[in-house]
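Enquirer: kindly generate the corresponding structure for this input.
(one chain, ligands or ions: 1)
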Amino acid sequence: MIYQGDSLCPLTWQEERLHLLDQRWLPHQQQIVVLATAAEVAQAIKDMVVRGAPAIGIAAAYGVVLAAQSAYAQAPPHWQTIITADLQKLAQARPTAVNLVWALQRMQTHFSTIVADPVPILLAEAHRIHQEDLAANHRMGELGADLLPAACRVLTHCNAGALATGGYGTALGVIRTAHRAGKLSQVYADETRPWLQGARLTAWELLQDNIPVTLLADNAAAALMQQQRIDWVIVGADRITARGDVANKIGTYGLAILARQHGVKLMVVAPTSTIDMNLMEGSAIVIEERSQAEVLTVNGQAIAPVGAQAWNPAFDVTPSHLVDVIVTEKGVVTQPNLERMTAIMRS
Ligand SMILES: CSC[C@@H](O)[C@@H](O)C(=O)COP(=O)(O)O
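Expert: Reported below is the predicted structural model:
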């Protein structure tokens, strides 16, 4: 297991290498993968060894350090030209989470000022991106928990926890803080088919912190809300547009509709690095489609007849009018729209 201070963390930089806690094998095995090249980092992001929007961004930042390390060793004056292909590989690893290109752009802002060995400067920036994300999560945890009533019953979807971020988590950061404050009476987690982030990662992560969790098959959420057993749905995001439309794990949109129908509130918790002010409409967000095998098999075992096909979008888009509140590290946006999103980004 990897820790940042007292926070579980999916990745760390040690001895000039990126170490990842391999999320494909949790909760049964805790394997660490050690990566030495940017191409390996891009592949690890594609394969979901590391996943979750902020964690993907942080991993990509360290990927740039690995690219620069190798390019500078090869031909010092030409390192920036040599790493172009690596930067492209990293940028294309997964399309939906904007944190990936956000982190790459942030790393590249230093390129024009670097005159000698780029590694110390780029490594310092990657560490900063990581630490800022951790701090943002703690802040969002406080802001989000403040919005919850006493004895609150919450439902979360996918894994927007320490494992998906630089540590502590976004949606799970709010749940952690609220739990510590004694404000939660029940935490439900959707199993989150097909990759089972909820069953495998969220349930594991919460139990590591001794936070009791009740797992739901995704299709049980409607009945739970109908029985008035949920007060807030709390989720993370992969990309939020300028008017507040939210791309997040497939199934979030369905939960948002259910929540509105049953008078349940929807909270989206995401750092400003997840907000893409260049896009207005959620329909413009590129939604990753993953392999059919993720739906047709479980643990490598077929669960459907040979010949069945599957559609496997990794994310969906929830329109802003179904979102009650977006919590960022800069503050809270209620009933998000362009004006309010612009104001928070400028604050
Ligand atoms: C803080 S993580 C926010 C999102 O990235 C999370 O909710 C999510 O959808 C993760 O999807 P994944 O496909 O596991 O990378």
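Enquirer: list the contacts for Gln186?
Expert: Residues near Gln186 by Cβ atoms under 8 Å, 6 or more residues apart in numbering: 153-154, 214, 229. For every residue, glycine as well, the C-beta is placed using N, CA and C.
Enquirer: and for Thr96?
Expert: 238-239, 247, 285-288, 314-315.
Enquirer: just the buried members of these?
Expert: Taking 16 or more other Cβ atoms under 10 Å as the criterion, what is buried in those is 238-239, 247, 285, 287-288, 314-315.
Enquirer: need phi/psi at Cys9.
Expert: The phi and psi values for Cys9, taken as degrees, to the nearest 10, are phi -140, psi 140.
Enquirer: tell me how far the closest residue to the ligand within the chain lies from Asn137.
Expert: In the chain, the residue that lies nearest the ligand is Gly236 (2.8 Å; Cβ to the nearest ligand atom). Going from Gly236 to Asn137 by Cβ to Cβ, to the nearest Å gives 10 Å.
Enquirer: which neighbours do those two share?
Expert: 169-170.
Enquirer: where along the stretch 151-300 of the chain do the strands fall?
Expert: Taking DSSP state E, counting those that start in this stretch, the strands of the stretch 151-300 of the chain run over residues 152-156, 184-190, 214-216, 232-235, 239-241, 246-249, 265-269, 275-276, 297-298.
Enquirer: can I get these in CSV with distance to Asn337 and mean pLDDT?
Expert: Formatted as CSV, those follow (distance: least, Cβ to Cβ, whole Å; pLDDT from 0 to 100):
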stretch, distance to Asn337, mean pLDDT
strand 152-156, 25, 99
strand 184-190, 28, 98
strand 214-216, 31, 98
strand 232-235, 19, 99
strand 239-241, 11, 99
strand 246-249, 13, 98
strand 265-269, 14, 99
strand 275-276, 13, 98
strand 297-298, 41, 95
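Enquirer: for Gln309, find the nearest of those.
Expert: Distance to Gln309, taken as Cβ to Cβ, is lowest for strand 297-298 among the strands of the stretch 151-300 of the chain, at 13.2 Å.
Enquirer: who's in contact with that closest one?
Expert: Outside strand 297-298, the residues that touch it by Cβ under 8 Å, 6+ apart are Ile303.
Enquirer: who does it pair up with?
Expert: The pairing partners recorded for strand 297-298 under DSSP bridges are strand 301-302 (antiparallel).
Enquirer: after the partner strand comes which helix or strand?
Expert: Downstream of strand 301-302, the next assigned helix or strand under DSSP states H and E is strand 315-318.
Enquirer: the nearest residue to Asp218 once chain neighbours are set aside - how many residues pack around it?
Expert: Excluding the flanking residues, the one nearest Asp218 by Cβ to Cβ, 6 or more residues apart in numbering is Asp190, at 4.9 Å. By other Cβ atoms under 10 Å, 28 other residues sit near Asp190.
Enquirer: Asp190 pairs with what?
Expert: Here Asp190, judged by DSSP bridges, has bridge partners Leu216.
Enquirer: that one contacts Val154, correct?
Expert: No - Asp190 lies out of contact with Val154 (Cβ atoms under 8 Å); the separation is 11.6 Å.
Enquirer: anything in contact with each of the two?
Expert: Contacts common to Asp190 and Val154, judged by Cβ under 8 Å, 6+ apart, are absent.
Enquirer: which element, helix or strand, includes Val41?
Expert: In this assignment (DSSP H and E), Val41 forms part of helix 38-46.
Enquirer: that helix packs against which elements?
Expert: Using 3 or more Cβ pairs under 8 Å, 6 or more residues apart in numbering; DSSP states H and E, the elements in contact with helix 38-46 are strand 32-35, helix 53-74, helix 84-91.
Enquirer: which one of those is the most hemmed in?
Expert: helix 53-74 (a mean of 26; mean count of other Cβ atoms under 10 Å).
Enquirer: that helix close to the ligand?
Expert: Yes - contact of helix 53-74 with the ligand (Cβ under 6 Å from any ligand atom) involves 53-54.
Enquirer: where does the stretch 201-347 of the chain come near the ligand, residue by residue?
Expert: 235-238, 248-249, 314.
Enquirer: distance from the centroid: which residue in this protein tops it?
Expert: Pro77 (36.0 Å; Cα atoms, centre = their mean).
Enquirer: ok, that one to Ile275 distance?
Expert: 37 Å.
Enquirer: now do Thr297
Expert: In terms of Cβ to Cβ, Thr297 sits 35 Å off from Ile275.
Enquirer: what are the buried residues along the helix of greatest length in the chain?
Expert: Counting by DSSP state H, the longest helix found in the chain is helix 119-146. Judged by neighbour count using 16+ other Cβ under 10 Å, the buried positions of helix 119-146 are 119, 121-123, 125-126, 129-130, 132-134, 136-141, 143-145.
Enquirer: quick one: the residue of the chain closest to the ligand and Pro271 touch, right?
Expert: No - when contacts are counted by Cβ under 8 Å, Gly236 is not listed as touching Pro271 (9.6 Å).
Enquirer: show me how the chain divides into domains.
Expert: Using automatic domain parsing, the domain ranges for the chain come out as 3-135, 142-346.
Enquirer: returning to what we had before: which residue, other than its chain neighbours, is closest to the residue of the chain closest to the ligand?
Expert: Ala160 (2.8 Å).
Enquirer: ok, the one you found - contacts?
Expert: Here Ala160 is in contact with 52, 169-172, 235-236, 269 (Cβ under 8 Å, 6+ apart).
Enquirer: for Glu142, what are its contacts?
Expert: Neighbours of Glu142 in contact, by Cβ under 8 Å, 6+ apart: Thr177.
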